[in-house]
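Engineer: Show me how the following folds:
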Amino acid sequence: MPQTKAFKFGYAILLIFLIIWVGTKIDFIFQPVVALVQTLFSPFLVAGILYYLFRPLVNYLESRKVRRTLSILLIYTVFGGLLTLLVYSLGPILQRQVNSLVDNAPFLVENARVKIQQLQQNEWVNRFQENSNFNWDELSTEASAYLSSSLTNIGTNIARFIGVVTSIITIFVTVPFILYYMLKEGEKAPQQVLRLLPPLQRENGKKILSDLDGALSSYIQGQVFVSICVGIMLYIGYLIIGIEYSLLLAIIAMFTNVIPFVGPIIAIIPALIVAVLESPTMVVKVLVVMVIAQQLEGNVISPQVMGRSLSIHPLTIISILLVAGSLGGLLGLILAVPVYAVMKVVVQNTYRLWMLRKERDIENDILS
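Structural biologist: This next block holds a predicted model:
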């Protein structure tokens, strides 16, 4: 049997594929593991994000001679108070806008149908329709049917709605406990991992874990802060121009802005739909507000907050998002960049260690 490195490498790949193939034939064994991961993924994901947001505050209070447990409880109290104040002040407005959207849904669907019919009378649209297989009647019929069925499903699918509410309540109940132990003992986790490594490799392992922690920390903290700033700017802008559902649209924009590059485009679509149904002037106003907010975010806020901490080329990010979106949907878009940042750190450090080992082997060969 050949003993070359290429043959051993190919043999290892075939062995991995064989293990994967056997695993697909006995997938029933892994179903409990999959169910466990699916159950724990959301609470630990939310707790992990909050951990990187709250950890600097806990460390600061601890540096001021405040016990870590007391620091965590103090932050919980302040955060709970701010959250209660936010819900108390904005909750009624959001509830009113959501109720208004649900009540006006049939009117909005009919208004959209009328707008499409009016658009059909446009001379340029008629020329485009004559020179292509595009059919506005089919489009308007299918769009109206889709919207109507979606609204009907929202109102009638009570079981799914209850399931979603239950999942959200479970996350809200479990996250504070998970976060508490993360904040209290999270600094000890790297030490436990390093103990698994040989003594000579612990220094390199410590550097890898530090780089991973720094990449995740800078990305999560910066992205959350930037998204909150964008949401506030858009809410103020929407209030100034007087568009309906201003708070609801700003909240949607704030959450979608966590997706690099694609998020702002997704955020503007609901606002443009509402603006189109209102007036052409409102469309222009929404575009102006969105352009101003994105210019401030791209040229002022992001450079100061995010900088170039991840050092990832924009074209690379776009390619990652295209692949992640097709594979994992919305969740894939959100997690694509931080996962890539972690993998990049691992690959860079692995390559660095491999080169050091290669140089050491060459030196040993020379000395011998």
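Engineer: how close does the residue nearest to residue 264 when sequence neighbours are not counted get to residue 318?
Structural biologist: Spatial nearest neighbour of residue 264, excluding adjacent residues (CB to CB, 6 or more residues apart in numbering): residue 294 at 5.7 Å. (Glycine included, C-beta is placed from N, CA and C.) With the distance defined as CB to CB, to the nearest Å, residue 294 ends up 16 Å from residue 318.
Engineer: Is it correct that residue 216 is in contact with residue 339?
Structural biologist: No - using CB atoms under 8 Å, residue 216 makes no contact with residue 339, being 9.9 Å away.
Engineer: Give me the more crowded residue out of the two.
Structural biologist: Neighbours were counted for residue 216 and for residue 339 using other CB atoms under 10 Å; residue 216 has more, 20 against 15.
Engineer: so what's the more buried one up against?
Structural biologist: Each residue near residue 216 by CB atoms under 8 Å, 6 or more residues apart in numbering is listed here: 52, 338, 341-342.
Engineer: in which helix or strand would I find it?
Structural biologist: In the assignment (DSSP states H and E), residue 216 maps to helix 202-241.
Engineer: Return the set of buried residues in that helix.
Structural biologist: By 16 or more other CB atoms under 10 Å, the buried positions in helix 202-241 come out as 204-205, 208-209, 211-213, 215-227, 229-231, 233-235, 237-238.
Engineer: and after that helix, which helix or strand comes next?
Structural biologist: Following helix 202-241 toward the C-terminus (DSSP H and E): helix 246-256.
Engineer: Identify each buried residue in the helix or strand just after that following helix, please.
Structural biologist: Taking DSSP H and E as the definition, the helix or strand that follows helix 246-256 towards the C-terminus is helix 262-278. For helix 262-278, a neighbour-count test (16+ other CB under 10 Å) marks 262-264, 266-268, 271-272, 274-278 as buried.
Engineer: of all those, which comes closest to residue 102?
Structural biologist: residue 274 (14.2 Å; CB to CB).
Engineer: Tell me the pLDDT of the closest one.
Structural biologist: Per-residue confidence at residue 274 stands at 83 (pLDDT).
Engineer: Can you check the pLDDT for residue 309?
Structural biologist: 54.
Engineer: Where does pLDDT dip in the stretch 151-300 of the chain?
Structural biologist: 151-166, 193, 196, 200 (pLDDT under 70).
Engineer: tell me what the strand or helix carrying residue 38 is packed against?
Structural biologist: Counting by DSSP H and E, the element that carries residue 38 is helix 31-63. Using 3 or more CB pairs under 8 Å, 6 or more residues apart in numbering; DSSP states H and E, the elements in contact with helix 31-63 are helix 68-103, helix 158-185, helix 202-241.
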